[in-house]
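1. Build me a model from this:
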Amino acid sequence: MNVSLMSQALKDRLSSSVNIQTGNTVQYVDVEDLSQFVPMPDWFKELTTLPGVPFKFITEFAGKPDSGKTTAGMIALISAQKSGVVAILVDAERKFSHKRFKDMDGNPENLYIIQEPSIEQSFDQLEKTLKIINEEMPDAKILIVYDSIAVGVTKAELEKEATDPQTIADQAKVVKRMIRRIIYYIQQCNTALIVINQLYKDVNPMAHGGSKMSGGQGMEYGKALSVSFSKKKDLTQTKAGILYKTGILSVLESKKNHLLSGDMAVKQVEVEVVAFDMRKAGLKVKKGKSKDKEELPAELDDGEEVEE
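-> All right, here's what the predicted structure looks like:
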């Protein structure tokens, strides 16, 4: 049978009996329906052409340390709180600052924090949390920020020597398995998941341009939206002859967007990341066409790890 020549009667029967849809009825997000997103500032909207972080999908904030990723994640959590969305932080890095979150106008008392020793336990707690919230509040919307997937260790890693080269492979396998599971739960529980990821040096620089992300193929295939963060320079100010760092200037690039038809359009914006805010730097948005192989901006070079 030529499926392209199906009768309308057959299409209707399939749709009602097999839960099948035709291509023109499938819609992942409606940008006009703001209830499908955690609201985000103008720089995010201009970069992604989305009004915010989408529910039921995985969004990745990736890049080097001290590039603004954690600040962006905190902004999303605070926006969620103000929008009546349940805010959850997986604090794998164990460096969450209650004071900074409060100074950014967040409410630490209404932020649920998961701190577990391994990736598996973190995702197990997430699944249990989502199930309980969904049972008690079926209409609730949830935002999870996982900071960060790169520093998480697996149960197997905890039992091995720190220098065992197999640990990276262990992590990638576990992340892939956990991502496959969590996709089901975030769709069932109307949850937006932001995974903060780190860039690290690749042992095979010819394969990935010298750098790659943590999490392996699980993260690469599971994310629907990806934003790369690249520190361009420090923002400084001189007082009484002493030079002070007041923030950073970062380049943000929309690397992957499978939610809209304009997926191949690459956009960049420059933002100033200051103490408790991220704001567009007033520079022009760079637009272009993406390449077949995703590459991170050239500005992402090696640097000393400092708090974001």
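2. Send me stretch 112-128 as PDB with only the CA atoms.
-> This file holds the C-alpha atoms of stretch 112-128, laid out as PDB (Å, rounded to 0.1, in the frame of the first residue of the first chain):
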ATOM      1  CA  TYR A 112      14.100  22.400  46.600                       C
ATOM      2  CA  ILE A 113      17.800  21.200  46.600                       C
ATOM      3  CA  ILE A 114      19.000  17.700  45.800                       C
ATOM      4  CA  GLN A 115      22.500  16.800  46.800                       C
ATOM      5  CA  GLU A 116      23.400  13.100  46.200                       C
ATOM      6  CA  PRO A 117      26.900  11.500  46.000                       C
ATOM      7  CA  SER A 118      26.300   9.900  42.500                       C
ATOM      8  CA  ILE A 119      24.600  10.600  39.200                       C
ATOM      9  CA  GLU A 120      22.400   7.600  39.600                       C
ATOM     10  CA  GLN A 121      21.200   8.700  43.000                       C
ATOM     11  CA  SER A 122      20.500  12.200  41.800                       C
ATOM     12  CA  PHE A 123      18.300  11.000  39.000                       C
ATOM     13  CA  ASP A 124      16.600   8.500  41.300                       C
ATOM     14  CA  GLN A 125      15.700  11.400  43.600                       C
ATOM     15  CA  LEU A 126      14.500  13.500  40.700                       C
ATOM     16  CA  GLU A 127      12.200  10.700  39.500                       C
ATOM     17  CA  LYS A 128      10.800  10.200  43.000                       C
END
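3. Now do the same for residue 19: its pLDDT.
-> pLDDT, residue 19: 74.
4. pretty sure residue 243 contacts residue 235?
-> No. Applying CB atoms under 8 Å as the test, residue 243 and residue 235 come out as separate, 11.2 Å apart. (Each C-beta comes from the backbone N, C-alpha and C, glycine too.)
5. In terms of packing, which of those two has more residues around it?
-> Set residue 243 next to residue 235 and count neighbours by other CB atoms under 10 Å: residue 235 wins out with 15 against 9.
6. for residue 152, what are its contacts?
-> Listed by CB atoms under 8 Å, 6 or more residues apart in numbering, the contact partners of residue 152 are 92, 118-119, 122, 171, 175.
7. can the residues you listed go into JSON lines with extra columns for pLDDT, neighbour count and secondary structure?
-> Output for the contacts of residue 152, formatted as JSON lines (pLDDT from 0 to 100; neighbours: other CB atoms under 10 Å; DSSP: H, G, I helix; E, B strand; the rest coil):
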{"residue": "92", "pLDDT": "92", "neighbour count": "22", "secondary structure": "coil"}
{"residue": "118", "pLDDT": "92", "neighbour count": "17", "secondary structure": "coil"}
{"residue": "119", "pLDDT": "92", "neighbour count": "25", "secondary structure": "helix"}
{"residue": "122", "pLDDT": "95", "neighbour count": "20", "secondary structure": "helix"}
{"residue": "171", "pLDDT": "78", "neighbour count": "22", "secondary structure": "helix"}
{"residue": "175", "pLDDT": "89", "neighbour count": "25", "secondary structure": "helix"}
